[in-house]
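> Model the following, please.
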Amino acid sequence: QVQLEESGGGLVQPGGSLRLSCAASGSIFSINAMGWYRQAPGKQRELVAHVTSSGDTNYAASVKGRFTISRDNAKNTVYLQIDSLKPEDTAVYYCNANIKPRQWGPVYGYWGQGTQVTVSS
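Here you go, the predicted model:
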């Protein structure tokens, strides 16, 4: 069984910063791409940032230059550094990972439980 556990959300003032973490644990043979999504009230979940197993990254246009995704493969962890926060960044942030639990099995997509980020003065 695989679990993704997020941490680092909270209430922050506009212009502030947060660092989100997501650690994968359980039966893991390998992890392919990892990413962060967010869902604001009344809106669809959207991709924020994505990082491949080799470290290639891509970002949503709305966060480019302010968000930085990174991963520590030794710790099975992905991070999202969020700077210059805006009120419109308020959302529940979800971690996603494509994980191969067994060497000769398929890849599955897993989600974390979400962490709330609120940007308000």
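> measure residue 54 to residue 71 for me?
Distance from residue 54 to residue 71, counting by C-beta to C-beta, to the nearest Å: 10 Å. Glycine gets a C-beta too; all of them are placed from N, C-alpha and C.
> what about the two, which has more around it?
Neighbour count, other C-beta atoms under 10 Å: between residue 54 and residue 71, residue 71 has more, with 20 against 8.
> right, and the more buried one touches residue 80 too?
No - Residue 71 is beyond contact range of residue 80, at 10.2 Å (criterion: C-beta atoms under 8 Å).
> which residues touch residue 94?
By C-beta atoms under 8 Å, 6 or more residues apart in numbering, the residues touching residue 94 are 6, 36-39, 45, 111-114.
> mind listing what the most centrally placed residue in the chain touches?
Central residue check for the chain by C-alpha atoms, centre = their mean: the C-alpha nearest the mean position is that of residue 36, 2.8 Å away. Counting by C-beta under 8 Å, 6+ apart, residue 36 touches 20, 22, 47-50, 69, 78, 80, 93-96.
> I only care about these that end up buried; give me the ChimeraX line for that.
Listed next is the ChimeraX selection for buried residues among the contacts of residue 36, using 16 or more other C-beta atoms under 10 Å:
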select :20,22,48,49,50,69,78,80,93,94,95,96
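> CSV for the contacts of residue 36, including distance to residue 13, secondary structure and pLDDT?
Output for these, formatted as CSV (distance: C-beta to C-beta, whole Å; DSSP: H, G, I helix; E, B strand; the rest coil; pLDDT from 0 to 100):
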residue, distance to residue 13, secondary structure, pLDDT
20, 17, strand, 98
22, 24, strand, 98
47, 26, strand, 97
48, 20, strand, 98
49, 22, strand, 98
50, 28, strand, 96
69, 23, strand, 98
78, 25, strand, 98
80, 18, strand, 98
93, 18, strand, 98
94, 23, strand, 98
95, 24, strand, 98
96, 28, strand, 98
